[in-house]
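Q: What follows is a predicted structure for the sequence shown.
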Amino acid sequence: MMFKVLLIDDEPLIGNVIRTLFNWKKHGFEFVGEAYSGTEALGMMEESQPHIAIIDVNMPEMNGVELQRIIRERYPSVKTIMLSSYDDYDYVRECLRNGAVDYLLKHRLDEALLLNVLGKAVKDLQEEDRVEEGRLASKKMAETMKPVLIRSRIAELVRENGEGAGSLEVAGGLEGLYPGAVRYAAAALQIIPFLLLTESFSDSQTNRLVQQAVDVMQQSLGDIHERTAAYVENGRLMVVFAFKERSEHAGSSEAHRWMGKVQHALELMLNLKSVYALGHPCASLTKLGTSYSSAEKALDTSPVVENGIRSEHVTHNEPAAKERPNEQHLRVALTIEEQKQLLLALESLDQERMQQLIASVCGSVCHQPLHSPAVQMIVSELLHTGDKALKKSISTPAAEAAISELPPRRDLGRIGSMDELEE
């Protein structure tokens, strides 16, 4: 099968370079045309019916972002590859969010790079064909289930923890959702600064953040009939993996690869750092709750940071953090004396004392996961202590200017280690 490619770029020179880079037919591609504007491209789409469109993001009248959005709406099966320069990256990121396969920098364009990205587009096309065949073969109930219902049932199944008649009934309602699956596994993912970020949010703002996170995750995971993202609670989400091969090692490697993509997408699109753990595999949906429980246990007993490096690949068979003698008395708040001393240091601008106090507090909880409620509550108290000191300060133009330069609370979303949080 020949895959048809349409080029859309207002620079004829770039078109000539791409058109003559290699023998298109030899590599399984047919160069079906070249459009010099978005309007012209849309006129050619119906006639040429390309599988892949290569689009310059920076064009007059209709830019590549708008054109890609229209193509996605009208011709959802067409894969898009974006052409850009360094200055276009904000446009490119929007296109990637809207489903572009990848992007190419014009000044680095060569045969190997273009063929590699075209290969990714072909792989996506073939994957979609395979998924479509699977969907047609799956049961009608599973085919017609809406994503919101699927996620609701998945979350319900996890809450049942794979036990009792309830879990059997819920699992039965998901029958046919994962056609051809022989093994399953659940991953638990935690948005690290979720409690800190949302403590001042309204319910609607928190719900919006949660929905954005689920949408970004599912977009990264692809077909919901193979990998499903769902929200659990308190910034914790889960991903269900349905494997069509029995190899546990292959399945685990694949799951880690997908979770890496999810973490990258959350950070790129929403500026949210996250950590995850993968639960043990199971042979049926009724046992999915136990798989998820093992993932949560690994996540909550393993510190997020080791030697200043964020742990991104925690698995169910890695050693858990050792129990500590005083672990039953985990600190969850600043002492009155700590608050008093910190306020005094802030008001007297004693920077050395401030740093000592903050380091002492952070050091006392550094053995706990950064996402744990205890750590988040203590950091929240530290921030409130700072706010209290600010309100007591004399309002002067210089003070107001300095305050305006403080990092916004949303920057907490980028923090992924105790060292970063302390800083």
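A: Thanks, I have it.

Q: Hmm, residue 81 and residue 100 touching each other?
A: Yes. Using C-beta atoms under 8 Å, residue 100 makes contact with residue 81 at a distance of 6.7 Å. C-beta coordinates here come from the backbone N, C-alpha and C atoms, glycine included.

Q: does residue 92 count as helix, strand or coil?
A: Secondary structure for residue 92, judged by DSSP: H, G, I helix; E, B strand; the rest coil, is helix.

Q: Help me confirm that it comes into contact with residue 55.
A: No. Using C-beta under 8 Å, residue 92 is not in contact with residue 55; the gap is 10.5 Å.

Q: hey, what's in contact with both of the two?
A: residue 82 (C-beta atoms under 8 Å, 6 or more residues apart in numbering).

Q: So which of these two has more stuff around it?
A: Ranked by neighbour count (other C-beta atoms under 10 Å), residue 92 and residue 55 place residue 55 first, with 26 against 23.

Q: The more buried one falls within a strand, correct?
A: Yes. Counting by three-state DSSP, residue 55 falls inside a strand.

Q: just for the stretch 151-300 of the chain, where's the confidence low?
A: Applying pLDDT under 70 to the stretch 151-300 of the chain picks out residues 160-176.

Q: mind listing the strands for it?
A: Using DSSP state E, counting those that start in this stretch, the strands of the stretch 151-300 of the chain run over 183-191, 227-233, 236-243, 274-278.

Q: Report the backbone C-alpha coordinates of the last one in PDB.
A: What follows is strand 274-278 as a C-alpha-only set of coordinates in PDB (Å, rounded to 0.1, in the frame of the first residue of the first chain):
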ATOM      1  CA  SER A 274       3.800  13.400  38.800                       C
ATOM      2  CA  VAL A 275       5.100  10.000  40.100                       C
ATOM      3  CA  TYR A 276       3.700   6.600  39.400                       C
ATOM      4  CA  ALA A 277       3.900   2.900  40.400                       C
ATOM      5  CA  LEU A 278       2.800  -0.100  38.400                       C
END
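
Q: ok, the closest residue to residue 267 other than its chain neighbours to residue 281 distance?
A: Nearest non-adjacent residue to residue 267, counting by C-beta to C-beta, 6 or more residues apart in numbering: residue 273, 6.2 Å away. Residue 273 sits 27 Å away from residue 281, taking C-beta to C-beta, to the nearest Å as the criterion.

Q: Pick out the residue nearest the middle of this protein.
A: residue 266 (3.0 Å; C-alpha atoms, centre = their mean).

Q: My guess is that residue contacts residue 216. True?
A: Yes. If you go by C-beta under 8 Å, residue 266 and residue 216 touch, sitting 5.9 Å apart.

Q: neighbour count winner among residue 273 and residue 281?
A: residue 273 (24 against 21).

Q: Please name the residues that touch that one.
A: By C-beta under 8 Å, 6+ apart, the contact set of residue 273 is 191, 192, 193, 266, 267, 310, 413, 414, 415, 416.

Q: Now do the buried residues in the helix of greatest length in the chain.
A: Ranked by residue count and defined by DSSP state H, the top helix of the chain is helix 111-137. Residues of helix 111-137 classed as buried: 114, 117, 118, 121, 122, 125, 131, 134 (neighbour count, 16 or more other C-beta atoms under 10 Å).

Q: could these be laid out in CSV, adding pLDDT and distance to residue 345?
A: As requested, these are exported to CSV (pLDDT from 0 to 100; distance: C-beta to C-beta, whole Å):
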residue, pLDDT, distance to residue 345
114, 94, 58
117, 94, 54
118, 95, 60
121, 95, 58
122, 94, 61
125, 92, 61
131, 77, 59
134, 61, 62
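
Q: give me every residue that touches residue 194.
A: Here residue 194 is in contact with 234, 235, 236, 371, 376 (C-beta under 8 Å, 6+ apart).

Q: which among these end up buried?
A: 235, 236, 371, 376.

Q: Could you identify the most distant pair in the residues you listed?
A: 236 and 376 (12.7 Å; C-beta to C-beta).

Q: contacting residues for residue 214?
A: The neighbours of residue 214, taking C-beta under 8 Å, 6+ apart as the test, are 151, 229, 230, 231, 237.

Q: quick one: which of the residues you listed is nearest residue 15?
A: When the contacts of residue 214 are compared for distance to residue 15 (C-beta to C-beta), residue 229 wins out at 39.3 Å.

Q: excluding its backbone neighbours, what's nearest that closest one?
A: Nearest non-adjacent residue to residue 229, counting by C-beta to C-beta, 6+ apart: residue 217, 3.9 Å away.

Q: So the one you found versus residue 191, what's the distance?
A: Going from residue 217 to residue 191 by C-beta to C-beta gives 11 Å.

Q: Likewise for residue 198?
A: For residue 198 relative to residue 191 (C-beta to C-beta), the value is 9 Å.

Q: Next, show the common contact partners of those two.
A: In terms of C-beta under 8 Å, 6+ apart, residue 198 and residue 191 are both contacted by the residues residue 235.

Q: and the two? which has more neighbours close in?
A: residue 191 (23 against 18).

Q: shouldn't the more buried one be in contact with residue 272?
A: Yes. Using C-beta under 8 Å, residue 191 is in contact with residue 272, at 5.2 Å.
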